[in-house]
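**Student:** the sequence isn't on hand, but the structure is:
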């Protein structure tokens, strides 16, 4: 028995005698996965019949070719990066010089035979990487039909990934009372439900892969950052308003005139500082469950959504732009009509061994991202201020 001398205080009385003043609610630091789950919820959701799922991307004929190496004004066997995009008997314009050339035929995949200074223009020496604008075919009167040209769509593969979160407790703890108004068991199940939305949140940061695991194949789903490689822009430090305009100009070349841009807290602060006149705040937007800001530019309208997964030394300088209207995005959960049923997010109860004096529940999601038409999306990186 401990002896207390002098005054009894909260520091020397028996701890078991003190009342536990515990709030009756367990406070979550991040009670909701929004907007982390908003991407998934806004996607076209449909089953994948197999862990490997594919789609086809196609686009119209190219509008530009590229000069490969500096070439004199007298060169008629023009060297380009890819001559297959240039139709025979078509016109090519050099935007830098104004020269128009007539492409009569192609020798191979990198050479095209041209008539220089066509349509009353003057032949000028070409620089390496000069862009060539493909104006269109200029055919003869009474000529035969053009050679047929068509593009084969490109096949893209991705995989469903298995995401798991579990909660476990002894039988004794499950039968014990809690001071809080929701038992710790129920709270932990809720926490893990939110957590699996975090881990399976799209865009994910990984790439598509399949490899041998310990118990069977291990697959990873490719996320937005692995597919959105067409419209990338490196801010290289401080993001100026001119650089942001350049990003929007590229972003709105294809797709719809409304995009959603998920921005890091840092990028949002930068945009808020220099574009206050262009921002319109939509408080409590029900689509996202969080406050968003709409930005109107001459190129199109973007909805800025702060995304708290974009943090740290690298991802803290990111902005990820998605075109939900034209981007052909889809959330693909495994459900090939087999006896196992859907593998969309589901709680599996009593996963413990039969002789276990306790209980284990597990959340499982097996799903992946279908990411079509990369040119309608974009990623801004390396913003430091």
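**Tutor:** Yes, it's here. Because the structure is predicted, anything quoted here is derived from the model rather than measured. Numbers count the residues shown, from 1 in each chain.

**Student:** could you use CA atoms for every contact and neighbour count after this?
**Tutor:** Noted.

**Student:** the strands in the stretch 201-350 of the chain, which residues?
**Tutor:** 209-212, 217-220, 232-237, 258-263, 279-285, 290-296, 301-306, 319-322, 329-334, 346-348 (DSSP state E, counting those that start in this stretch).

**Student:** pick out the shakiest of the ones you listed, pLDDT-wise.
**Tutor:** Mean pLDDT is lowest for strand 279-285 among these, at a mean of 52.

**Student:** re the thing from before, for the strands of the stretch 201-350 of the chain, which one sits closest to residue 193?
**Tutor:** strand 346-348 (8.4 Å; C-alpha to C-alpha).

**Student:** contacts for the closest one?
**Tutor:** Outside strand 346-348, the residues that touch it by C-alpha atoms under 8 Å, 6 or more residues apart in numbering are 361-365.

**Student:** CSV for the residues you listed, including distance to residue 271?
**Tutor:** Listed next are the contacts of strand 346-348 as CSV, based on distance: C-alpha to C-alpha, whole Å:
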residue, distance to residue 271
361, 44
362, 41
363, 38
364, 38
365, 36
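
**Student:** quick check: mean pLDDT across stretch 169-183?
**Tutor:** For stretch 169-183, the per-residue pLDDT averages 85.

**Student:** domains of this structure?
**Tutor:** What automatic domain parsing lists as the domains of the chain is 18-59+151-385, 64-137.

**Student:** mean pLDDT lowest where, among those domains?
**Tutor:** Among the domains of the chain, domain 18-59+151-385 carries the lowest mean pLDDT (a mean of 81).

**Student:** ok so, going back, now, the contacts of strand 346-348 that are in strands?
**Tutor:** Taking DSSP state E, the ones among the contacts of strand 346-348 that sit in strands are 361-365.

**Student:** and residue 372, what does it touch?
**Tutor:** Residue 372 touches 55-57, 327-329, counting by C-alpha under 8 Å, 6+ apart.

**Student:** most neighbours of all the residues you listed, which one?
**Tutor:** residue 329 (23 neighbours; other C-alpha atoms under 10 Å).

**Student:** quick check: bridge partners of that one?
**Tutor:** Applying DSSP bridges to residue 329 gives these bridge partners: residue 371.

**Student:** how far away is it from residue 309?
**Tutor:** The gap separating residue 329 from residue 309 is 20 Å, by C-alpha to C-alpha, to the nearest Å.

**Student:** repeat for residue 352
**Tutor:** 32 Å.

**Student:** give me the beta-bridge partners of residue 103?
**Tutor:** Following DSSP bridges, residue 103 is listed with bridge partners residue 90, residue 114.

**Student:** now render the contacts of residue 372 as TSV, adding distance to residue 238.
**Tutor:** Listed next are the contacts of residue 372 as TSV, based on distance: C-alpha to C-alpha, whole Å:
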residue	distance to residue 238
55	38
56	38
57	35
327	29
328	32
329	31
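
**Student:** show me where the stretch 101-250 of the chain has helices.
**Tutor:** Counting by DSSP state H, counting those that start in this stretch, the stretch 101-250 of the chain has these helices, from start to end: 171-174, 184-199, 224-227, 241-251.

**Student:** buried deepest among those helices, which one?
**Tutor:** Comparing the helices of the stretch 101-250 of the chain by mean neighbour count (mean count of other C-alpha atoms under 10 Å), helix 224-227 ranks first with a mean of 19.

**Student:** name only those of the contacts of strand 346-348 that count as buried.
**Tutor:** 361-365 (16 or more other C-alpha atoms under 10 Å).

**Student:** ok, the residues you listed vs residue 101, which is closest?
**Tutor:** residue 365 (56.5 Å).

**Student:** quick one: contacts for the closest one?
**Tutor:** 161-164, 196, 200, 333, 343-346.

**Student:** number of residues surrounding the nearest residue to it once chain neighbours are set aside?
**Tutor:** Of all residues not flanking residue 365 in the chain, residue 345 sits nearest, at 4.3 Å (C-alpha to C-alpha, 6 or more residues apart in numbering). Look at residue 345: counted by other C-alpha under 10 Å, it has 18 neighbours.

**Student:** residue 362 is in contact with residue 345, correct?
**Tutor:** No - in this structure residue 345 lies outside contact range of residue 362 using C-alpha atoms under 8 Å: 10.4 Å.

**Student:** the domains of the chain: which one's closest to residue 145?
**Tutor:** Comparing the domains of the chain by C-alpha to C-alpha, domain 64-137 comes nearest, at 11.5 Å.

**Student:** measure the closest one end to end?
**Tutor:** By C-alpha to C-alpha, one end of domain 64-137 lies 14 Å from the other end.

**Student:** gap between it and the chain center?
**Tutor:** Centroid separation between domain 64-137 and its chain, computed with C-alpha atoms, centre = their mean, to the nearest Å, is 36 Å.

**Student:** out of the strands of the stretch 201-350 of the chain, which comes closest to residue 88?
**Tutor:** strand 232-237 (32.5 Å).

**Student:** who touches that closest one?
**Tutor:** 243, 247, 378-385.

**Student:** partner strands of it, parallel or antiparallel?
**Tutor:** In the sheet, strand 232-237 lines up with strand 378-383 (parallel) (DSSP bridges).

**Student:** only the buried residues of the partner strand, if you could.
**Tutor:** Neighbour-count burial for strand 378-383 [16+ other C-alpha under 10 Å]: 378-383.

**Student:** now render the residues you listed as TSV, adding distance to residue 187.
**Tutor:** Shown next, in TSV, are the buried residues of strand 378-383 (distance: C-alpha to C-alpha, whole Å):
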residue	distance to residue 187
378	38
379	37
380	38
381	37
382	38
383	38
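
**Student:** quick check: the farthest pair among those?
**Tutor:** Most distant of the buried residues of strand 378-383, by C-alpha to C-alpha, are 378 and 383, 14.7 Å apart.

**Student:** give the contact list for the nearest residue to residue 165 once chain neighbours are set aside.
**Tutor:** Closest residue to residue 165 apart from its sequence neighbours, by C-alpha to C-alpha, 6+ apart: residue 363 at 5.1 Å. Applying C-alpha under 8 Å, 6+ apart to residue 363 gives the contacts 164-166, 192-193, 196, 345-348.
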